[in-house]
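Colleague: Next comes the sequence, and after it the predicted model I'd like to discuss.
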Amino acid sequence: MKRVRVLIVLCATFTAGVSAQQGGSSAGGGAPAELDQWIRATGGASKAVSDPNSETRFLASLTQAERQGGFLFRQRCNACHYSALSPMSFGPRLSQKNVEGREEMARTTIGDGTPRMPAFRYGLSPAQIDSIIGYLKKVKAP
(Lines give C-alpha, C1' and ligand atoms only; values in the text may rest on other atoms or scores of the structure.)
Protein backbone atom coordinates (compact mmCIF):
# COMPACT_ATOMS: atom_id res chain seq x y z
CA MET A 1 0.00 0.00 0.00
CA LYS A 2 2.87 2.35 0.82
CA ARG A 3 4.39 1.78 -2.65
CA VAL A 4 1.09 2.71 -4.29
CA ARG A 5 0.97 6.02 -2.37
CA VAL A 6 4.56 6.83 -3.33
CA LEU A 7 3.79 6.03 -6.96
CA ILE A 8 0.69 8.27 -6.92
CA VAL A 9 2.65 11.14 -5.34
CA LEU A 10 5.44 10.77 -7.93
CA CYS A 11 2.97 10.75 -10.82
CA ALA A 12 1.15 13.80 -9.46
CA THR A 13 4.44 15.65 -8.96
CA PHE A 14 5.67 14.79 -12.45
CA THR A 15 2.37 15.84 -14.06
CA ALA A 16 2.33 19.14 -12.16
CA GLY A 17 5.95 19.83 -13.16
CA VAL A 18 5.24 19.21 -16.84
CA SER A 19 2.16 21.45 -16.74
CA ALA A 20 4.14 24.23 -15.09
CA GLN A 21 6.91 23.98 -17.69
CA GLN A 22 4.51 24.13 -20.61
CA GLY A 23 2.45 26.97 -19.26
CA GLY A 24 5.21 29.22 -17.90
CA SER A 25 6.02 32.40 -19.75
CA SER A 26 7.95 35.53 -19.04
CA ALA A 27 7.24 39.14 -19.82
CA GLY A 28 10.09 39.15 -22.37
CA GLY A 29 8.19 38.18 -25.50
CA GLY A 30 6.27 35.10 -24.38
CA ALA A 31 9.31 32.85 -24.00
CA PRO A 32 9.19 30.26 -21.23
CA ALA A 33 10.64 31.37 -17.92
CA GLU A 34 13.05 28.44 -18.16
CA LEU A 35 14.51 29.98 -21.31
CA ASP A 36 15.23 33.24 -19.49
CA GLN A 37 16.88 31.30 -16.67
CA TRP A 38 18.95 29.29 -19.13
CA ILE A 39 20.09 32.43 -20.98
CA ARG A 40 21.13 34.04 -17.68
CA ALA A 41 22.95 30.89 -16.55
CA THR A 42 24.84 30.42 -19.81
CA GLY A 43 25.20 34.00 -20.98
CA GLY A 44 25.93 35.69 -17.69
CA ALA A 45 25.49 39.43 -18.00
CA SER A 46 25.45 39.38 -21.80
CA LYS A 47 22.95 41.50 -23.67
CA ALA A 48 21.21 38.30 -24.86
CA VAL A 49 19.36 38.19 -21.53
CA SER A 50 17.46 41.38 -22.33
CA ASP A 51 17.55 41.15 -26.14
CA PRO A 52 14.14 39.97 -27.42
CA ASN A 53 15.77 39.21 -30.81
CA SER A 54 18.67 37.08 -29.56
CA GLU A 55 19.64 33.98 -31.50
CA THR A 56 18.61 31.78 -28.59
CA ARG A 57 15.12 33.28 -28.42
CA PHE A 58 14.86 33.08 -32.23
CA LEU A 59 15.71 29.38 -32.26
CA ALA A 60 13.32 28.71 -29.37
CA SER A 61 10.52 30.37 -31.35
CA LEU A 62 10.90 28.00 -34.31
CA THR A 63 9.02 24.78 -34.86
CA GLN A 64 10.97 21.52 -34.85
CA ALA A 65 10.89 21.42 -38.68
CA GLU A 66 12.16 25.01 -38.92
CA ARG A 67 14.97 24.26 -36.45
CA GLN A 68 15.90 21.23 -38.57
CA GLY A 69 15.92 23.54 -41.59
CA GLY A 70 18.22 25.92 -39.74
CA PHE A 71 20.57 23.06 -38.92
CA LEU A 72 20.59 21.90 -42.54
CA PHE A 73 21.10 25.46 -43.79
CA ARG A 74 24.12 25.92 -41.55
CA GLN A 75 25.44 22.52 -42.54
CA ARG A 76 24.90 22.72 -46.32
CA CYS A 77 24.38 26.37 -47.32
CA ASN A 78 26.05 28.67 -44.83
CA ALA A 79 29.58 28.37 -46.23
CA CYS A 80 28.52 30.03 -49.49
CA HIS A 81 25.51 32.11 -48.48
CA TYR A 82 27.07 33.65 -45.41
CA SER A 83 29.97 32.78 -43.22
CA ALA A 84 31.24 34.86 -40.34
CA LEU A 85 34.60 33.16 -40.86
CA SER A 86 34.96 34.31 -44.44
CA PRO A 87 35.28 37.93 -45.54
CA MET A 88 33.33 37.19 -48.71
CA SER A 89 30.26 35.20 -49.56
CA PHE A 90 29.90 33.29 -52.84
CA GLY A 91 26.11 33.62 -52.87
CA PRO A 92 23.66 36.16 -51.54
CA ARG A 93 22.77 36.26 -47.86
CA LEU A 94 19.46 34.46 -47.66
CA SER A 95 16.47 35.53 -45.61
CA GLN A 96 12.70 35.76 -45.83
CA LYS A 97 12.95 38.49 -48.49
CA ASN A 98 14.62 35.99 -50.89
CA VAL A 99 12.11 33.21 -50.26
CA GLU A 100 8.70 34.59 -49.34
CA GLY A 101 6.39 34.31 -52.35
CA ARG A 102 9.09 32.41 -54.28
CA GLU A 103 8.95 29.08 -52.47
CA GLU A 104 8.66 26.98 -55.65
CA MET A 105 11.60 28.78 -57.28
CA ALA A 106 13.66 28.27 -54.11
CA ARG A 107 12.78 24.55 -54.09
CA THR A 108 13.84 24.21 -57.73
CA THR A 109 17.06 26.16 -57.20
CA ILE A 110 18.06 24.08 -54.16
CA GLY A 111 17.18 20.81 -55.89
CA ASP A 112 18.57 21.50 -59.37
CA GLY A 113 21.31 24.01 -58.53
CA THR A 114 22.57 26.79 -60.80
CA PRO A 115 25.75 27.22 -62.84
CA ARG A 116 27.41 28.60 -59.66
CA MET A 117 25.64 26.39 -57.09
CA PRO A 118 25.58 22.61 -56.74
CA ALA A 119 22.34 20.66 -56.92
CA PHE A 120 21.15 19.15 -53.66
CA ARG A 121 18.37 16.88 -54.99
CA TYR A 122 20.42 13.77 -54.21
CA GLY A 123 21.70 15.01 -50.86
CA LEU A 124 18.47 16.46 -49.43
CA SER A 125 14.98 15.01 -49.40
CA PRO A 126 12.02 17.17 -50.47
CA ALA A 127 10.99 17.39 -46.80
CA GLN A 128 14.46 18.64 -45.85
CA ILE A 129 14.36 21.25 -48.61
CA ASP A 130 10.95 22.35 -47.33
CA SER A 131 12.35 22.67 -43.80
CA ILE A 132 15.20 24.88 -45.08
CA ILE A 133 12.68 27.08 -46.88
CA GLY A 134 10.55 27.21 -43.71
CA TYR A 135 13.59 28.30 -41.72
CA LEU A 136 14.55 30.97 -44.25
CA LYS A 137 11.01 32.36 -44.19
CA LYS A 138 11.60 33.18 -40.50
CA VAL A 139 15.07 34.75 -40.92
CA LYS A 140 14.88 38.54 -40.93
CA ALA A 141 16.88 40.37 -43.58
CA PRO A 142 20.11 41.90 -42.25
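Modeller: Thanks, I have it.
Colleague: which intervals of this protein have sub-threshold pLDDT?
Modeller: 1-54, 83-87 (pLDDT under 70).
Colleague: if you go through it in chain order, where are the strands?
Modeller: Taking DSSP state E, the chain contains no strands at all.
Colleague: And it, what are its domain boundaries?
Modeller: 30-61, 63-136 (automatic domain parsing).
Colleague: What lies in contact with stretch 99-117?
Modeller: 80, 90-91, 98, 119-121, 124, 126, 129-130, 132-133, 136-137 (C-beta atoms under 8 Å, 6 or more residues apart in numbering). Using the backbone N, CA and C atoms, a C-beta is placed for each residue, glycine as well.
Colleague: would TSV of the domains of the chain with mean neighbour count be doable?
Modeller: As requested, these are exported to TSV (neighbours: other C-beta atoms under 10 Å):
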stretch	mean neighbour count
domain 30-61	14
domain 63-136	15
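Colleague: can you list those in a markdown table and add distance to residue 142?
Modeller: Formatted as a markdown table, these follow (distance: least, C-beta to C-beta, whole Å):
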| stretch | distance to residue 142 |
| --- | --- |
| domain 30-61 | 12 |
| domain 63-136 | 6 |
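Colleague: hmm, back to that, from the contacts of stretch 99-117, which land in helices?
Modeller: Among these, DSSP state H puts 80, 98, 126, 129-130, 132-133, 136 in helices.
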